[in-house]
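Asks: Just a sequence and a predicted model for now, questions to come.
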Amino acid sequence: MRWATRAVEQIAVLEQLKAAAAARQARLSVQFDASQRARQRARGVPAAQVGRGVTDQIALARRESPTAGSRHLGLAKALVTEMPHTLHALAAGETSEWTATAAARPTPTGHTYTSTPPPLLAGAVTPARSRPSDVVLLEPRSSG
């Protein structure tokens, strides 16, 4: 029984590490995007082309498809600029990247929430440990 307990504890610790790494990736992705856009503007790249290639580089770094790289950057921007409590919870290992992604998605009615989620997402923002102190509180996301 001791081995099983240790195994489950290690799985939980690894999940926390994955979440913390996801939060760091989000911050770095946003910083990288901003730096590349600034560099492109300084080099005289036309406004319509500024930002091209950034998501491809993020995708390569993550060993994922360009489409996935674009999704990761979109989530990173939402977390960093509009969802600081979710980003903090992710960095602390209190929620998962999947849960943060679910919280950032629009509801079927088209609303996007980062706080007091609608019933459809309420279970998604409660970590598996499910103690009242573990509930992640998030703030409303602007729609502009």
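Replies: Cool, the structure landed.
Asks: contacts, neighbours, all on C-alpha from now
Replies: OK.
Asks: which helices and strands does the helix ranked longest in the chain pack with?
Replies: If you go by DSSP state H, the chain has its longest helix at helix 2-42. Under the contact criterion of 3 or more Cα pairs under 8 Å, 6 or more residues apart in numbering; DSSP states H and E, helix 2-42 touches helix 54-62, helix 66-82, helix 84-91.
Asks: try 7 Å this time
Replies: helix 66-82, helix 84-91 (3 or more Cα pairs under 7 Å, 6 or more residues apart in numbering; DSSP states H and E).
Asks: pLDDT below threshold where in this protein?
Replies: For the chain, applying pLDDT under 70 flags the ranges 1, 107-144.
Asks: and the gap between residue 30 and residue 102?
Replies: Counting by Cα to Cα, to the nearest Å, the gap from residue 30 to residue 102 is 19 Å.
Asks: the more surrounded of these two?
Replies: residue 30 (21 against 18; other Cα atoms under 10 Å).
Asks: Go ahead and confirm the more buried one touches residue 77.
Replies: Yes - in this structure, residue 30 is within contact of residue 77 by Cα atoms under 7 Å, at 5.9 Å.
Asks: residues near the nearest residue to residue 17 once chain neighbours are set aside, how many?
Replies: Distance criterion Cα to Cα, 6 or more residues apart in numbering; nearest residue to residue 17, sequence neighbours excluded, is residue 93 at 6.7 Å. Per other Cα under 10 Å, the neighbour tally for residue 93 reads 23.
Asks: what does residue 70 give?
Replies: Residue 70: 17 surrounding residues under other Cα under 10 Å.
Asks: do the same with the one 3 residues further on
Replies: Residues lying near residue 73 (other Cα under 10 Å) number 23.
Asks: same thing with residue 48?
Replies: When neighbours are counted by other Cα under 10 Å, residue 48 registers 7.
Asks: Are we agreed that it is in a strand?
Replies: No - assignment of residue 48 by DSSP: H, G, I helix; E, B strand; the rest coil gives helix, placing it outside any strand.
Asks: ok, it to residue 31 distance?
Replies: Counting by Cα to Cα, the gap from residue 48 to residue 31 is 20 Å.
Asks: Could you do residue 92 as well?
Replies: From residue 92 to residue 31 the distance is 20 Å (Cα to Cα).
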